[in-house]
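**Student:** just the structure for this:
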Amino acid sequence: MPQISSGLTLQQLRYFIEVAAEGSISAAADLLYVAQPTMSAAMKDLEARVGRALLVRSARGVTLTADGVEFLGYARQVVEQFALLEQRYLGRPPRRRLLGVSTQHYSFAVDAFVRMVKGTEVAEYEFSLRESRTWDIIEDVRTLRSEIGILYRNDFNRKIIDKLLRESGLAFTPLFLADPHIFISRNNPLASKERATLDDLAGLPRLTFDQGANNSFYFAEEILSTMSSKQEIRVSDRATIFNLMIGLHGYTISTGIISGQLDPEIVAIPLDVDERIEIGWIGHAAIPLTDQAQRYLKELRAVVAEFGVTLLD
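**Tutor:** Model prediction:
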């Protein structure tokens, strides 16, 4: 096995990458067909060789320490570069490409993911797409469970989100600004209106995405989160929220960008409020994006541009 430095091996780096991705030593061992004690011993040996704690172990699995996050970034670069050497000079087939994306509940993020996967010209690959809560998206990217996170900022939550990102070593890169729209069923009485007002929404159920234990107004996916509503339903996934839009004539507030293929029964109506929604992606400030992550962002920009939105970066 090739030596990287002072006893480190590519195998150890690959093991560590899988442990970080799975959040579990036993799950990584199963994935790589390695005995769990062997994987556990390999991680302890790796930490001993680098002289730093890389993992925090608990009954629920493992998370990365600050040193572990930094080490993972370098480990990925080394493993990817070695794979390129094998392909170029040994004629080896490309290894499975990995990319994790965590996002708030946006159909354009899924559209871009579909295009990226279709454009990946390898026989084997492994990707993950997590539609998740705001806090969890930031945590996924901080721990490198995902390389990219997609979320929004506005004047209300900007200071809180930016502070949390700075403390996590992450950076927010704006993609575009959107005017607020309501998403409703095609059969909703408001579907025929050119614009909707807040008064129009007064008698309809407001549908929002549940933020779990971190259910702060600042982490809400929807603007105007502090506005009171007599009828409110919290959900955890897009399929449920769309069913409630159809069955209960409920609404949610979002960007106005919606995929006709993915969401054919839902329409977007402009909302008459003095607000803007800034959509962007987050990543580690000190770790360069992989080629696969850059491909995803390229597809994301292309999807958004098709809706006539002006890109910011």
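
**Student:** quick one: the helix or strand bottoming out on mean pLDDT in the chain to chain centroid distance?
**Tutor:** Of all regular secondary-structure elements in the chain, judged by mean pLDDT, DSSP states H and E, the least confident is helix 66-90 with a mean of 80. Between the mean C-alpha point of helix 66-90 and the mean C-alpha point of its chain there is a distance of 22 Å (Cα atoms, centre = their mean, to the nearest Å).

**Student:** what are the buried residues along it?
**Tutor:** Applying a neighbour-count criterion of 16 or more other Cβ atoms under 10 Å, the buried positions in helix 66-90 are 68-73, 75-76, 78-80, 82-83. In short, each C-beta sits where N, CA and C put it, glycine included.

**Student:** cool, stretch 190-201 as well?
**Tutor:** Per 16+ other Cβ under 10 Å, stretch 190-201 contains these buried residues: L190, A191, A196, D200, L201.

**Student:** pretty sure the third one is touching D272, no?
**Tutor:** What that stands for is A196. Yes: assessed by Cβ atoms under 8 Å, A196 is found in contact with D272 at 6.7 Å.

**Student:** give me the phi and psi for the residue nearest the centre of the chain.
**Tutor:** Nearest to the centroid of the C-alpha atoms of the chain, with distances taken as Cα atoms, centre = their mean, sits S102, at 1.3 Å. Phi and psi for S102, reported as degrees, to the nearest 10, are phi -120, psi 140.

**Student:** what sits against it?
**Tutor:** For S102, the set of contacting residues under the criterion of Cβ atoms under 8 Å, 6 or more residues apart in numbering consists of R130, S132, D136, I137, D140, V141, R145, S146, I148, G149, I150.

**Student:** buried residues in stretch 298-310?
**Tutor:** For stretch 298-310, burial by neighbour count (16+ other Cβ under 10 Å) applies to E299, L300, R301, V303, V304, V309.

**Student:** out of those residues, who's nearest F156?
**Tutor:** Nearest to F156 out of the buried residues of stretch 298-310 is V309 (Cβ to Cβ; 21.3 Å).

**Student:** can you name every helix or strand that the helix or strand where L129 lies contacts?
**Tutor:** L129 belongs to strand 125-131 when assigned by DSSP states H and E. Contact analysis of strand 125-131 by 3 or more Cβ pairs under 8 Å, 6 or more residues apart in numbering; DSSP states H and E lists strand 97-103, helix 107-118, helix 134-142 as its packing neighbours.

**Student:** which residues touch the helix or strand that the last one is followed by?
**Tutor:** Secondary structure here is assigned by DSSP H and E; on that basis, the next helix or strand after helix 134-142 toward the C-terminus is strand 148-153. Applying Cβ under 8 Å, 6+ apart, the set of residues contacting strand 148-153 from outside is 99-104, 106, 109, 134, 137-138, 140-141, 161-162, 170, 172, 221, 255, 277-283, 289, 293, 296-297, 300.

**Student:** and I184, which of the three is it?
**Tutor:** When states are read from DSSP: H, G, I helix; E, B strand; the rest coil, the local structure at I184 comes out as strand.

**Student:** how many other residues sit next to it?
**Tutor:** Under the neighbour criterion other Cβ atoms under 10 Å, I184 is assigned a count of 26.
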